[in-house]
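Participant: Please work out how this folds:
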Amino acid sequence: MQAILESSRRLYLGLLQKKLPSYERSLLDKLMVAQSDIIGIYGSRGVGKTTLMLQWLSKQSFTPSETLYISCDHAIFKGVNLFDLVEFFSQHGGKLIVIDEIHEAQDFEQSLKSIYDFLDIKILFSGSSAISLSNPDLSRRFAMHRLSQLSFREFIEISTHKRLNHYSLEQALENSVDICFEVTKELEEQKILPLFNQYLEHGGYPFYFESPESFAQKLNDTLNLVVQIELSRLFSIQPDKVDLLKKLLVVICRSKPLELSIEKLTTNVELSKPTLYKFLDYLQKGELLRLVPHELKKYKSIRKADKLYLFHPNLLNVLCSQADVGTIRETFFASQLAAANHTVEFAQQADFIIDEQQVFEVGGKSKDFSQLKNIEKPTFLALDNIEVGSDKKIPLWLFGFLY
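Facilitator: Modelled structure (predicted):
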């Protein structure tokens, strides 16, 4: 174990010499005031978990010899018992350890429980979005935080080096005109609609800013890693079935949400219904797919199929040669509302119902309220290609300012 610790320190030293991005996600503030000794971050690959943890580590008051960063997907940690390594580090003066990609460690859940029960050490760990659901003990024992893809607001902040406010959904619906003028005034010569189109194509993942020209390839590689390694290992998927997960995503990408049916998917992907339902669940836990339920699905006597979307609009550009514009808009809307912790559902007469309160239709600037007649709940239009709306016509881009 001594050799493993020494190798870990050398890797950590090299990491400390690299310059960290200056932009800090809002989750960092929450981590800085968290009281728990063991904190977990989960989220999609590529959303910036490693950067966030290193920024958090750089702000701690411990000496370098009392801290350590390890990534469990590195070859030197293969076959290493995580509890034994952390215990050895603690016995040699360690006070804080950051553990990246913890789901790559064998029996990591049991190791975390043992560390919690027997060791006096502070830990920040990260892992696949799927681990937040694979074992409820994680969320009961530890402070778990989700890191989402960049919001449209965050993408603008990084792109323009301007600080912008975020708004609650209530504020956006009640004061959309004033907020739109405030944002466009702050951006000065920058135009909001071109920025929005850029976001839909490549704005959700921070690694775009490292190498814009290779973004599509890197996102595709990231997607393959999630499917072929993370989900395959966490859910023990047979090797001959792994490629069908990717095929399932492609079929969903090429279809409009309400055109899909279980029968069509089972035929196109050549899966049985039980296996298809399991695969949809895995892809949702891996944050590659979003299942939006019908508003009546809460009543067990009513059986309604979910609407299926890719998790973020950027994925459409990787999996489809030319995605449907309506699907892109709806995918954006669902992704931003869900990331801001709102309940997203749909009904036959409307695209979305949020928090069981507000009803939304999403579309282009010519869309009107004709489809929303005779609905008792408050109704709104989320419209693309407009800078400023009016009354209940809200610019679609504004929903990217909810977090």
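Participant: Give me the nearest residue to residue 86, chain neighbours excluded.
Facilitator: Excluding the flanking residues, the one nearest residue 86 by C-beta to C-beta, 6 or more residues apart in numbering is residue 115, at 5.5 Å. Backbone N, C-alpha and C define where each C-beta goes, glycine included.
Participant: The one you found belongs to a helix?
Facilitator: Yes: the assignment for residue 115 (DSSP: H, G, I helix; E, B strand; the rest coil) places it in a helix.
Participant: Near it, how many other residues are there?
Facilitator: For residue 115, the neighbour count with other C-beta atoms under 10 Å is 22.
Participant: which residues touch it?
Facilitator: The neighbours of residue 115, taking C-beta atoms under 8 Å, 6 or more residues apart in numbering as the test, are 38, 82-83, 86-87, 121, 123.
Participant: Identify the farthest-apart pair in the residues you listed.
Facilitator: Using C-beta to C-beta, the two most remote members of these are 38 and 87, lying 14.3 Å apart.
Participant: Please state the offset of stretch 155-163 from the chain centre?
Facilitator: Relative to its parent chain, stretch 155-163 has a centroid offset of 20 Å by C-alpha atoms, centre = their mean, to the nearest Å.
Participant: meant to ask about stretch 394-402
Facilitator: 18 Å.
Participant: Stretch 258-268 too?
Facilitator: Put simply, stretch 258-268 sits 26 Å off its chain's centre (C-alpha atoms, centre = their mean).
Participant: if we look at it, which residues are touching it?
Facilitator: Under the criterion C-beta under 8 Å, 6+ apart, residues 248, 251-252, 255, 271-273, 276, 305, 307-308 lie in contact with stretch 258-268.
Participant: Swap in 6 Å and give it another go.
Facilitator: Residues from elsewhere that reach stretch 258-268 (C-beta atoms under 6 Å, 6 or more residues apart in numbering): 251, 273, 276, 308.
Participant: if you average pLDDT over that stretch, what comes out?
Facilitator: The pLDDT scores in stretch 258-268 average 82.
Participant: How about it, which residues are buried there?
Facilitator: By 16 or more other C-beta atoms under 10 Å, the buried positions in stretch 258-268 come out as 260, 265, 268.
Participant: hmm, back to that, of the contacts of stretch 258-268, which belong to helices?
Facilitator: Among the contacts of stretch 258-268, the members found in helices (DSSP state H) are 251, 273, 276.
Participant: any idea of the pLDDT on the first one?
Facilitator: Going back to what we said before, that points to residue 251. pLDDT, residue 251: 92.
Participant: Now for it: which residues touch it?
Facilitator: Residue 251 makes contact with residue 268 under the criterion C-beta under 6 Å, 6+ apart.
Participant: Please tell me how far it sits from residue 265.
Facilitator: Using C-beta to C-beta, to the nearest Å, residue 251 is found at 6 Å from residue 265.
Participant: any idea which helix or strand comes after the lowest-mean-pLDDT helix or strand in the chain?
Facilitator: Within the chain, no helix or strand scores below helix 131-134, which has a mean of 65 by mean pLDDT, DSSP states H and E. Following helix 131-134 in sequence order, the next helix or strand is helix 136-141 (DSSP states H and E).
Participant: Pretty sure residue 352 sits in a strand.
Facilitator: Yes: Residue 352 sits within a strand when classified using three-state DSSP.
Participant: Give the bridge partners for it, please.
Facilitator: residue 360 (DSSP bridges).
Participant: Test my guess that it contacts residue 362.
Facilitator: No: at 7.0 Å, residue 352 does not count as touching residue 362 under the criterion of C-beta atoms under 6 Å.
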